[in-house]
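[1] show me how the following folds:
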Amino acid sequence: MNKSSIKTKQKILTTATELFLKKGVDRVGVREIATKAGINLSLMNYYFQSKEKLFETIFDTLVKERAVTIREILEDEIPIEKKVKDYTYAYIDILLEKPILVSFVLSVIHRNPEKIKTMGAVLALYNSEKFCNQLAKEAKAGNVKAVDPEQLYISLISLILFPFAIKELITDRNSFSPEEYIQFIKARKEHISEMVISYLKV
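    Below is the predicted model:
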């Protein structure tokens, strides 16, 4: 692919991302994306055969690389306490870098709940098997409290993600500036880690 093609493809992806976030995926058509990107519809269809293909490409681009970091922490042979802390810090850092990830995940869930089960990038993010097995093993050894591992994992993800989903509400309620909101979220790294680790202590 030559430089011109790469530039055109990137322009389509950037334009589509902006429109999807602003109006919602279902309210944006390929013609609107092509017009705003300043290209003709046939060229748009050449690079991306459908809006679904375009959406999935954007989603994979945003998620895949970052999901690897998260998965590596879950699969690492480190103590539960360190794993909870590293996972929480890394996940929040990723979302601070790319907060639109939350919007895109919610878009997939709302539009096609069945589809999310087949998307590799999502499965990489929601990958609890090794973490859950470690929790069960540590509980059996008496090192941590016996808990439902999947419940704990879902709770951890929820504690991380939800403040990003309700950013506007948090900002308005506390009269936060953009910088103050970021500091609030960064403070949650330690808050969440300590809360979960304290809960697990026997």
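
[2] need the longest helix for the chain.
    The helix spanning the most residues in the chain, taking DSSP state H as the definition, is helix 51-75.

[3] what residues of stretch 154-173 count as buried?
    Of the residues in stretch 154-173, 155-157, 159-161, 163-164, 167, 170 count as buried by neighbour count, 16 or more other C-beta atoms under 10 Å. All C-beta atoms are positioned from the backbone trio N, CA, C, and that covers glycine.

[4] which one among those residues gets closest to Ile58?
    The closest of the buried residues of stretch 154-173 to Ile58 turns out to be Phe164 (C-beta to C-beta; 18.0 Å).

[5] got a pLDDT number for the closest one?
    Listed pLDDT for Phe164 reads 91.

[6] these two touch, right, it and Val102?
    Yes. Assessed by C-beta atoms under 8 Å, Phe164 is found in contact with Val102 at 4.4 Å.

[7] anything in contact with each of these two?
    Between them, Phe164 and Val102 share these contacting residues under C-beta atoms under 8 Å, 6 or more residues apart in numbering: Leu95.

[8] before we move on, the earlier item: buried set for the longest helix of the chain?
    Applying 16+ other C-beta under 10 Å to helix 51-75 flags 51, 54-59, 62-63, 66-67, 70-71, 73-74 as buried.

[9] greatest separation within the residues you listed: which pair is it?
    Farthest pair in the buried residues of helix 51-75 (C-beta to C-beta) is Lys51 and Ile73. Separation: 33.7 Å.

[10] could you pull out the helices for the chain?
    With helices called from DSSP H, the chain shows them at 3-23, 30-37, 41-47, 51-75, 80-97, 100-111, 120-125, 129-140, 149-165, 167-174, 178-200.
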